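Trainee: Coordinates only, no sequence provided:
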């Protein structure tokens, strides 16, 4: 009772792998033979209205579904992180071929998978549950600490959100291992490959399906039968996959009731038996499975995608190992090996290597011979890669690997037309990119900007504003905003599909890049601590957010006046000092910034001595970093504030209770600034290295003094002599105790610098200055050296006899 009695004689279920050239060609051939009047495709039904755009899209592209009501604020992390999902399509995806066929032939097409409204609502609920469990437990990952399933089987949901492709819960044996039925469920291709005598499921699927030639019989009935047999071993479907299949069947029944006589369903191969055998499933049971599902308001659109994100190495559950190879097989079905190796030869020649047509011919012969020896119908990527290495690259694996990686991924990015649904923020960015001639590309590109030129300064402003919005399209190539001097910036650009999601999330702050960045900065400033506020001030200047700057400066002034923590003040000062200087470059009035920075610097000077009292070694090391940054900031500010800072350092260096590392660093700063005479410096070093001083304290002093550069020891042999004398006087146990500190100190120098110091140490006391170029006499223990000399003589004698 309750079984479906609809006429399914015109139903054709095409079970596919989500991305494969052979599957795509087979789907196209089957559709042209079936001539369906309705096509159902695995995917979110919210995208039904978007199918009319297929003819204007350039793959790879992806359907993006996201929550339409994401609120402002920082307390909705789980909601925003789990509130979106992708369904990618490549030019060689079977679903893409089905979409193209339907649109080109005016056939009714709709998506039949579980709606994204349910999928995203479930993900948000699960993310909230994990967050609550982590808060209760007090550590990340406490919610069961389970890895999400990335099952990668043909039936895997191609949605790629923040989590894995939707898999079923693992069935475990008593010892925690996955049971046999669950192994079948998680890796059906592996089971079929094993039955066919293959030890590699990818290779089996390639040989049987992806490298099929045109004109061969349809593989879909055999695929459905094989999957039915595998599913019989794994038991009935359950969990999310059961709900997905129930919804697919409900959509199929609704389409049949509309009067369609020839229906083609393109879905993951795993689901094919569940849809083909529609009469075996009751409407009542399917309705019960779908009752009470959580639901959210969802919006769908098309976004550009990349081959790199289709690769399984990216973490995409339904990904393929080599999207570039699959794209090549799909676009060059005739002579694919010849064309692939020809492209490889061209790439090698562009790198300046000599590769001729004879290399290509021999490479093709080798690839085809390997395929015959291995019993493969055609040469696959493994055979082509071996031919590339052995013939074209003449056995150089490193060179071959570089070319192979580039070609195997075949990085490219698709495009969507202007008529695609977008939030206003996306449209504003597209307009700005077009005006500034900045192209979004899926690979790294370096960009050097001269801020004195208006167009290049506008590019810098755009990249800084996007970073404030969480869109890391450009990343500075050097610290401090990516500056090379005052007027230059260097960036590394790379566009990633996830950035469209970041733009959609950022759209809650405004409809344009400028207004959204301004609102975002204002929101961040309200809860920011003093160091973060000064960093925001600097970012406001970089991004030319004049509307946000007054409020940020007001908050900065208030918090600087009430914050008594010297480390906070020191951390806040460097970006503020840079801002005062950078504001002059950008044409911004930096007077107020300079005044606030000087006030903070004076408060640091007053609180510096008490702040360093009683610090242990780790805290002293951290404080040295703050002193270095503050010193750089004081140099930028100049004026009275800088003079006050210098006076504070002079007073600090004279204190007897100063931690060793800080004392050494401060004395080095004063020496480099010409504020410490050479004799006085030697006296202080002598006191630090005196026999009565604790060796660990002396080593810390030395580490602070030599931090950054040790060449002062090359130019002042008296200082080097003091250190040498101190080391020689240390008892063995004390030398062993301080050795790690010394190794850390001298290990921080580069190789040539260490060699210079070693050469200077070797010269100590060896000869007068005028004769230091003469060879140094070294006493040799001839008794101990005799065995080594005898061995060396025997080796040399054997070498001559062999010659």
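Mentor: Cool, the structure landed. It should be emphasised that the depicted structure is a prediction, and the values quoted were computed from it without experimental measurement.
Trainee: Residue 476 against residue 464, yeah?
Mentor: No: contact between residue 476 and residue 464 fails when scored by CB atoms under 8 Å: they sit 9.2 Å apart. Glycine gets a C-beta too; all of them are placed from N, C-alpha and C.
Trainee: So which of these two has more stuff around it?
Mentor: The neighbour comparison of residue 476 against residue 464 (other CB atoms under 10 Å) goes to residue 464, with 24 against 18.
Trainee: in what helix or strand does that one lie?
Mentor: Residue 464 is part of helix 454-468, with elements assigned from DSSP states H and E.
Trainee: Strands of the chain, start to end?
Mentor: Along the chain, the stretches classed as strands by DSSP state E are 11-16, 38-41, 61-67, 84-89, 108-111, 263-268, 298-304, 445-450, 474-476, 488-493.
Trainee: Residue 450 and residue 456 touch, don't they?
Mentor: Yes: using CB under 8 Å, residue 450 is in contact with residue 456, at 5.2 Å.
Trainee: More neighbours: these two, which one.
Mentor: It is residue 456, of residue 450 and residue 456, that has more neighbours when counted by other CB under 10 Å, with 18 against 13.
Trainee: Count residues in the vicinity of the closest residue to the more buried one other than its chain neighbours, would you?
Mentor: Closest residue to residue 456 in three dimensions, ignoring its sequence neighbours and counting by CB to CB, 6 or more residues apart in numbering: residue 449, at 4.3 Å. As a burial measure, residue 449 scores 22 neighbours (other CB under 10 Å).
Trainee: my guess is residue 525 contacts residue 539, does it?
Mentor: No: counting by CB under 8 Å, residue 525 stays clear of residue 539, with 10.6 Å between them.
Trainee: shared neighbours of these two, which are they?
Mentor: Counting by CB atoms under 8 Å, 6 or more residues apart in numbering, residue 525 and residue 539 have no common neighbour.
Trainee: pLDDT score for residue 244?
Mentor: As predicted, residue 244 sits at a pLDDT of 94.
Trainee: brain fart, residue 633
Mentor: The score at residue 633 is 87. That number is its pLDDT.
Trainee: quick one on the thing from earlier: state the distance from the residue nearest to residue 456 to residue 49.
Mentor: Distance, residue 449 to residue 49, using CB to CB, to the nearest Å: 41 Å.
Trainee: need the contact list for the closest residue to residue 294 other than its chain neighbours.
Mentor: Using CB to CB, 6+ apart and skipping residues adjacent in sequence, the residue nearest residue 294 is residue 121, 3.8 Å away. Neighbouring residues of residue 121 by CB under 8 Å, 6+ apart: 293-296.
Trainee: Give me the distance between residue 121 and residue 246.
Mentor: Separation of residue 121 from residue 246 (CB to CB): 17 Å.
Trainee: cool, and residue 422?
Mentor: Residue 422 sits 33 Å away from residue 246, going by CB to CB.
Trainee: which ones are touching the nearest residue to residue 653 once chain neighbours are set aside?
Mentor: Counting by CB to CB, 6+ apart, residue 666 is the residue found nearest to residue 653 once chain neighbours are left out, at 4.7 Å. Residues near residue 666 by CB under 8 Å, 6+ apart: 627, 649, 652-653, 658, 704.
Trainee: Residue 685 too?
Mentor: Contacts of residue 685 by CB under 8 Å, 6+ apart are 667, 701, 705, 719, 722-723.
Trainee: how close does the closest residue in space to residue 250 that isn't next to it in sequence sit to residue 237?
Mentor: Once flanking residues are discounted, residue 250 sits nearest to residue 286: 5.7 Å by CB to CB, 6+ apart. Between residue 286 and residue 237 the distance, using CB to CB, works out to 12 Å.
Trainee: ok, now residue 515?
Mentor: Separation of residue 515 from residue 237 (CB to CB) stands at 49 Å.
Trainee: With neighbour numbers in mind, choose between these two.
Mentor: residue 237 (21 against 16).
Trainee: which residues touch the nearest residue to that one once chain neighbours are set aside?
Mentor: Leaving aside its sequence neighbours, residue 237 sits nearest to residue 245 (CB to CB, 6+ apart; 6.0 Å). Counting by CB under 8 Å, 6+ apart, residue 245 touches 237, 271, 274-275.
Trainee: Also residue 624?
Mentor: With contact taken as CB under 8 Å, 6+ apart, residue 624 is in contact with 661-662, 665, 704, 707.
Trainee: can you tell me which two in those are farthest apart?
Mentor: Within these, two members stand farthest from each other by CB to CB: 662 and 707, at 10.7 Å.
Trainee: Which one's more surrounded, the two?
Mentor: The neighbour count for residue 662 versus residue 707, taken as other CB under 10 Å, is higher for residue 662 (23 against 18).
Trainee: so the more buried one touches residue 620, yeah?
Mentor: Yes: the pair residue 662 and residue 620 qualifies as a contact (CB under 8 Å) at a distance of 5.3 Å.
Trainee: about what we covered before: what average pLDDT does the helix holding residue 464 get?
Mentor: When pLDDT is averaged along helix 454-468, the result is 94.
Trainee: Report the angle between it and strand 445-450.
Mentor: Relative orientation of helix 454-468 versus strand 445-450 (axes from the mean of the first three to the mean of the last three CA atoms, to 10 degrees): 120 degrees.
Trainee: Next, the angle from helix 454-468 to strand 488-493.
Mentor: Helix 454-468 runs at 50 degrees relative to strand 488-493, counting by the same axes, to 10 degrees.
Trainee: among the contacts of residue 666, who's most crowded?
Mentor: Most neighbours among those, by other CB under 10 Å: residue 704, with 26 neighbours.
Trainee: The nearest residue to that one once chain neighbours are set aside: neighbour count?
Mentor: Leaving aside its sequence neighbours, residue 704 sits nearest to residue 664 (CB to CB, 6+ apart; 3.0 Å). Residue 664: 28 surrounding residues under other CB under 10 Å.
Trainee: now do residue 18
Mentor: As a burial measure, residue 18 scores 31 neighbours (other CB under 10 Å).
Trainee: Just the pLDDT for it.
Mentor: Looking at residue 18, its pLDDT reads 85.
Trainee: If I follow the layout properly, residue 660 ends up in contact with residue 705?
Mentor: No: counting by CB under 8 Å, residue 660 does not reach residue 705; the two are 9.3 Å apart.
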